[in-house]
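Asker: give me a model of this one.
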Amino acid sequence: MTQTVNLPAFDWPTLQPGWVWLCGAGPGDPGLLTLHALNALRQADVVIYDALVQEAILDWAPQAEHIYAGKRGGKPSAVQRDISLRLVDLARAGKRVLRLKGGDPFVFGRGGEEAQTLVQHGIPVRIIPGISAGIGGLAYAGIPVTHRDVNQSVTFVTGHDQSGNTPSALDWASIAKGSQVIVIYMGMKHVAQIAAHMRAAGRPASEPCAVVTNATTPDQQVLETTLGTIVDDIAAGNFEPPAIICIGRSVLMRQVLDWQGMAQGEAPRNLDPLGRGLPAEAESA
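Answerer: Numbers count the residues shown, from 1 in each chain. Okay, here's the model as predicted:
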């Protein structure tokens, strides 16, 4: 059922003709949109949206023209240069343009490229951050990206570069050795190579891993696995992108923090998955 949500009293910014707002739509669940994003949707003349933007979100901009500009690996996709220049053309035509991107536009979303193109062409822009799937998507799976008993660092990497290959510029050995928890965007295609890099750098085959597909949506699936079995387990379960991969012991926290499972009446599988032997609030010795 569609509901009208009234924005609370605030000095909300106005989307002016000839402006482009680059906005993060979050990882999928429409409820994770920010109020600034909702304000933008209500004002836009044109919404240019990505593949991961849910249709329900577009319903909140019924007055706007909706233009699809999704980019999905291995499928016919819009050319990035064409997307950027179309934003320029629409703004020059006096449209109030909302560029709606899944997750956060500045986290592996090419938002920086599009914003730079706009500024170089004299188009004024506003950036509206969104919840990134590498944080929000894992939270919906009950996996915290940081936990003081596990990690004091977390590294976010992309699983492919502009050519579609595993990023050659990344020092995988240093990442494997230097970060306790690693979150990989768009890594399904090259998961075998990534796992091999991790193993070669000394990460054990028993290292906990998770794969979260269609994060925060009704189609979300979560695979709990290990670095040594992740490739076979993905194939056996027919898991497909879009997906977030998490490597590290924080994955174990899903055993106690699977809040979606608990909402369906499931009991926590393990109240102390890290084996602290202490209440969660107790200080370690």
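Asker: could you use CA atoms for every contact and neighbour count after this?
Answerer: OK.
Asker: shaky segments in the chain?
Answerer: 1-4, 71-77, 161-167, 284-285 (pLDDT under 70).
Asker: so which residues of it form helices?
Answerer: In order along the chain, the chain carries the following helices (DSSP state H): 35-43, 55-58, 80-92, 111-120, 138-140, 172-178, 191-200, 230-237, 254-257, 259-263.
Asker: winner for burial among those helices?
Answerer: A comparison of those by mean neighbour count, using mean count of other C-alpha atoms under 10 Å, puts helix 138-140 on top with a mean of 22.
Asker: which helices and strands does that one pack with?
Answerer: Helix 138-140 is packed against no helix or strand, with contacts defined by 3 or more C-alpha pairs under 8 Å, 6 or more residues apart in numbering; DSSP states H and E.
Asker: swap in 10 Å and give it another go.
Answerer: Here helix 138-140 touches strand 208-213, strand 243-247, helix 254-257, helix 259-263, going by 3 or more C-alpha pairs under 10 Å, 6 or more residues apart in numbering; DSSP states H and E.
Asker: among the ones you listed, which is nearest residue 180?
Answerer: strand 243-247 (8.2 Å; C-alpha to C-alpha).
Asker: among the helices of the chain, which comes closest to residue 129?
Answerer: Between the helices of the chain, helix 35-43 lies closest to residue 129; by C-alpha to C-alpha that is 8.7 Å.
Asker: nearest to residue 270, of the helices of the chain?
Answerer: helix 254-257 (5.4 Å).
Asker: reformat the helices and strands packed on helix 138-140 as JSON lines; add distance to residue 80.
Answerer: Shown next, in JSON lines, are the helices and strands packed on helix 138-140 (distance: least, C-alpha to C-alpha, whole Å):
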{"stretch": "strand 208-213", "distance to residue 80": "24"}
{"stretch": "strand 243-247", "distance to residue 80": "21"}
{"stretch": "helix 254-257", "distance to residue 80": "37"}
{"stretch": "helix 259-263", "distance to residue 80": "36"}
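Asker: let me see the contact set for the residue nearest to residue 126 when sequence neighbours are not counted.
Answerer: Of all residues not flanking residue 126 in the chain, residue 21 sits nearest, at 4.7 Å (C-alpha to C-alpha, 6 or more residues apart in numbering). When contacts are counted by C-alpha atoms under 10 Å, 6 or more residues apart in numbering, residue 21 is found next to 15, 37, 40, 44, 47, 96-100, 115, 124-128.
Asker: check whether residue 145 really touches residue 254, as I assumed.
Answerer: No. Residue 145 is beyond contact range of residue 254, at 11.1 Å (criterion: C-alpha atoms under 10 Å).
Asker: give me the common contacts of these two.
Answerer: 138, 139.
Asker: the residue most central in space within the chain and residue 13, how far apart?
Answerer: Most central in the chain under C-alpha atoms, centre = their mean is residue 133, positioned 2.2 Å from the mean C-alpha point. When distance is defined by C-alpha to C-alpha, to the nearest Å, residue 133 is 26 Å away from residue 13.
Asker: ok, now residue 153?
Answerer: 36 Å.
Asker: distance of residue 276 from residue 249?
Answerer: 13 Å.
Asker: which of the two has more residues huddled nearby?
Answerer: residue 249 (21 against 11; other C-alpha atoms under 10 Å).
Asker: residues near the residue nearest to the more buried one when sequence neighbours are not counted, how many?
Answerer: Once flanking residues are discounted, residue 249 sits nearest to residue 208: 5.7 Å by C-alpha to C-alpha, 6+ apart. Number of residues near residue 208 (other C-alpha under 10 Å) recorded here: 20.
Asker: quick one, what contacts residue 208?
Answerer: By C-alpha under 10 Å, 6+ apart, the neighbours of residue 208 are 224-230, 246-252.
Asker: put the alpha carbons of stretch 206-216 into PDB.
Answerer: The C-alpha atoms that make up stretch 206-216 are tabulated as PDB, following Å, rounded to 0.1, in the frame of the first residue of the first chain:
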ATOM      1  CA  SER A 206      38.800 -21.800   7.700                       C
ATOM      2  CA  GLU A 207      38.400 -18.000   7.700                       C
ATOM      3  CA  PRO A 208      34.700 -17.100   8.000                       C
ATOM      4  CA  CYS A 209      33.100 -15.600   5.000                       C
ATOM      5  CA  ALA A 210      29.600 -14.400   4.000                       C
ATOM      6  CA  VAL A 211      28.000 -13.600   0.800                       C
ATOM      7  CA  VAL A 212      24.900 -11.400   0.900                       C
ATOM      8  CA  THR A 213      22.900 -11.200  -2.300                       C
ATOM      9  CA  ASN A 214      20.100  -8.700  -3.000                       C
ATOM     10  CA  ALA A 215      20.900  -7.100   0.300                       C
ATOM     11  CA  THR A 216      18.000  -5.500   2.300                       C
END
